[in-house]
Structures are given as C-alpha cells and as structure tokens.
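Chemist: I'd like to go over a predicted model; first the sequence, then the structure.
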Amino acid sequence: MYLDQSKKKEIFEKYGKSNTDTGSVESQVALFSYRISHLTEHLKSNHKDYTTARSLTKLVGKRRALLSYLKDRDIERYRALIKALGLRK
C-alpha cells in the first residue's frame, strides 16, 4: 500500500504542528499533494484508468480550495507552504 499510517504520521509531523495534527490546512494540503503525485505516476502508465483520473481531478480541486482558503486567511503561511511543497502558484 502506498500510503500507510507511518507515512501519514511523517507527513503530519513535517507539515503540521505534531504527528496527530490532521486538521490543519498545511497538513491536509501536504497529504493531498502526496496523493496527487502518486495518482499522477499511476496515470502515466495506465492512461485509460478513468476512475483514477476523476479522483485526481477531485483531489486537485480540494487542494486548490484549501490553498485559496489559506491565502485569504494568512498569506505568510500560504507562501511558506507553497515553497515547502514546491507547488507552482
């Protein structure tokens, strides 16, 4: 399995306030970014997997909404997160 509990805790510990901080915007965006990169790699070799393509589109929309929320609330945290994740915005 590509995303087990230890990987989730690692992501939450790195981008959240602690390894149990699953609700902060930073940790959610980091988890979505990890899942998006995994699904993107999957679709490169399985281009006819339309269900995964739809899931990828939904995840990108959720991440975009969270990033917009963070940008409106706290621009400095937004800029730090974009830089840490290496997202183009």
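Modeler: Sure thing, it's come through.

Chemist: quick one: low-confidence ranges for this protein?
Modeler: 89 (pLDDT under 70).

Chemist: Tell me where it has helices.
Modeler: 5-15, 25-45, 50-73, 75-85 (DSSP state H).

Chemist: Arrange those helices in JSON lines, one row each, with mean neighbour count as further columns.
Modeler: The C-beta positions use only the backbone N, C-alpha and C, and glycine is treated the same way. Converted to JSON lines, the helices of the chain look like this (neighbours: other Cβ atoms under 10 Å):
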{"stretch": "helix 5-15", "mean neighbour count": "15"}
{"stretch": "helix 25-45", "mean neighbour count": "17"}
{"stretch": "helix 50-73", "mean neighbour count": "14"}
{"stretch": "helix 75-85", "mean neighbour count": "14"}
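
Chemist: who's in contact with the residue lying farthest from the centre of the chain?
Modeler: Outermost residue of the chain with respect to the C-alpha centroid, by Cα atoms, centre = their mean, is residue 48; its distance is 23.5 Å. If you count contacts by Cβ atoms under 8 Å, 6 or more residues apart in numbering, residue 48 has none.

Chemist: tally of neighbours for residue 1?
Modeler: Neighbourhood size, residue 1 [other Cβ atoms under 10 Å]: 5.

Chemist: and it, how far is that from residue 35?
Modeler: Applying Cβ to Cβ, to the nearest Å, the value for residue 1 to residue 35 is 12 Å.

Chemist: Also residue 87?
Modeler: Residue 87 is 14 Å from residue 35, by Cβ to Cβ.
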